[in-house]
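*Asks:* quick one: sequence and predicted model below, then my questions.
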2 protein chains.
Amino acid sequence: MPDPDIQFSIPTGQPMVIVSCSFPVSAHRVFAAMTDASLIPDWWGPSVLTNTVEVMDVRPGGKWRIIQREPNREEYAFHGYYHLVDPDRRLVYTFEYEGEPGHVILESITLETVDGGTLLTDQSVFQSQADRDGMVAADMESGARESMQRLYGILTREH
Amino acid sequence: MPDPDIQFSIPTGQPMVIVSCSFPVSAHRVFAAMTDASLIPDWWGPSVLTNTVEVMDVRPGGKWRIIQREPNREEYAFHGYYHLVDPDRRLVYTFEYEGEPGHVILESITLETVDGGTLLTDQSVFQSQADRDGMVAADMESGARESMQRLYGILTREH
């Protein structure tokens, strides 16, 4: 698998995390892959976990819910609702880990056309610094890096 | 009209605004009033503006959209989607002023039972400090204070 340039930044004093990655394909292809429920099991989160997409209704007000299972069958579920769906450009949605109910994150994924491809920037805005620090302590970085790496693999695989 | 104690705070270095107000009635009554579309014209925003609720579907994934009109007929529209609806306790939803498309705010309203009534705390989390500062510059404070004052009036009016 190729080795993409993934940046994971934790702005000091801001309840945010920003992840970015460049892909050598069009924004249309990145957006299509990210919003394809059938591909989620192949890239969303760490590969050691199995993903099941219960629902992924990519339109404003639509719900998404994904269940991740450990090899030992332990489950982690996540859900949210889409606010903005701007094809090939931007996706804004809410995100809640059901193990921490009521702690909601506002996610914004922006795609920009750059030389030779597409720059994806994923901003997570938390309701507090403590929520942000909790997610970082739960090793959000390695999960995010592995997701981007796997998505990159899907998008650069020979057809 | 009575004079409630309204706090409007702008945390330094955080992309947030926090508004709080105490009401001498139960959390059930505050929640019921806030989620009653027929009351929105009576308290939401400055009284000089006329509110029309196009939709207010208070359930997770439900949409809300409110149009405010100036006396000169100029219009401002706002919309969002509910993420969390926990009756009498909490409401989390997205908020977008359609005059600034793509700038989304995550709103969280929490009701706590306190001596003699209910403390409402409304946290707005912005996607950037610039977005927060822009809303503050657009006199978010007087709009928020007037909303709380008017909601207080509705809740303390003799029946």
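*Replies:* Right, received. Where do you want to start?
*Asks:* helix or strand: which one has residue A:131?
*Replies:* helix A:129-137 (DSSP states H and E).
*Asks:* dump that helix to PDB, restricted to CA.
*Replies:* Only the C-alpha atoms of helix A:129-137 are listed here, as PDB (Å, rounded to 0.1, in the frame of the first residue of the first chain):
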ATOM      1  CA  GLN A 129     -11.500  20.800  25.600                       C
ATOM      2  CA  ALA A 130     -12.100  17.800  28.000                       C
ATOM      3  CA  ASP A 131     -14.100  16.000  25.300                       C
ATOM      4  CA  ARG A 132     -11.300  16.700  22.800                       C
ATOM      5  CA  ASP A 133      -8.600  15.500  25.200                       C
ATOM      6  CA  GLY A 134     -10.600  12.400  26.000                       C
ATOM      7  CA  MET A 135     -10.800  11.400  22.400                       C
ATOM      8  CA  VAL A 136      -7.100  12.100  21.900                       C
ATOM      9  CA  ALA A 137      -6.300  10.000  24.900                       C
END
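*Asks:* that one: which residues count as buried?
*Replies:* Across helix A:129-137, burial judged by 16 or more other CB atoms under 10 Å in any protein chain shown covers A:131-132, A:135. Using the backbone N, CA and C atoms, a C-beta is placed for each residue, glycine as well.
*Asks:* what lies in contact with that helix?
*Replies:* With contacts defined as CB atoms under 8 Å, 6 or more residues apart in numbering or on different chains, helix A:129-137 is touched by A:10, A:13-17, A:100, A:103, A:105, A:124, A:126, B:14.
*Asks:* pLDDT below threshold where in chain A?
*Replies:* Scanning chain A for pLDDT under 70 picks out A:1-2, A:158-159.
*Asks:* would you mind listing what in it touches chain B?
*Replies:* A:13-16, A:60-63, A:80-84, A:86, A:90, A:92, A:94, A:96, A:102, A:104, A:106, A:108, A:123, A:125-127, A:129 (CB under 8 Å from any CB of the partner chain).
*Asks:* can you say which of those residues are buried?
*Replies:* A:14-16, A:60-63, A:80-84, A:90, A:92, A:94, A:96, A:104, A:106, A:108, A:123, A:125-127.
*Asks:* between the contacts of helix A:129-137, which is closest to residue B:52?
*Replies:* Residue B:52 has its nearest neighbour among the contacts of helix A:129-137 in residue A:105, at 31.5 Å by CB to CB.
*Asks:* how much space separates the closest one from residue A:97?
*Replies:* 8 Å (CB to CB, to the nearest Å).
*Asks:* who's more crowded, those two?
*Replies:* The residue with more neighbours, out of residue A:105 and residue A:97, is residue A:105; 25 against 18, by other CB atoms under 10 Å in any protein chain shown.
*Asks:* residues in contact with the more buried one?
*Replies:* Counting by CB under 8 Å, 6+ apart, residue A:105 has contacts A:94-96, A:124-127, A:131, A:135.
*Asks:* one more time with 7 Å, if that's ok
*Replies:* By CB atoms under 7 Å, 6 or more residues apart in numbering or on different chains, residue A:105 lies in contact with A:95, A:124-126.
*Asks:* and the closest residue in space to it that isn't next to it in sequence, which of the three is it?
*Replies:* Leaving aside its chain neighbours, residue A:105 sits nearest to residue A:95 (4.3 Å; criterion: CB to CB, 6 or more residues apart in numbering or on different chains). Taken by DSSP: H, G, I helix; E, B strand; the rest coil, the conformation at residue A:95 corresponds to strand.
*Asks:* how much space between residue A:95 and residue A:135?
*Replies:* 10 Å.
*Asks:* list the contacts of the longest helix along chain A.
*Replies:* Secondary structure assigned by DSSP state H gives helix A:140-156 as the longest helix of chain A. For helix A:140-156, contacts defined as CB under 7 Å, 6+ apart pick out A:1-2, A:4, A:6, A:8, A:17, A:19, A:21, A:23-25, A:29-30, A:33, A:39, A:42-47.
*Asks:* one more pass at 8 Å, please.
*Replies:* For helix A:140-156, contacts defined as CB under 8 Å, 6+ apart pick out A:1-4, A:6, A:8, A:17, A:19, A:21, A:23-25, A:29-30, A:33-34, A:39, A:42-47, A:120, A:122.
*Asks:* look up how far residue A:145 lies from residue A:4.
*Replies:* For residue A:4 relative to residue A:145 (CB to CB), the value is 9 Å.
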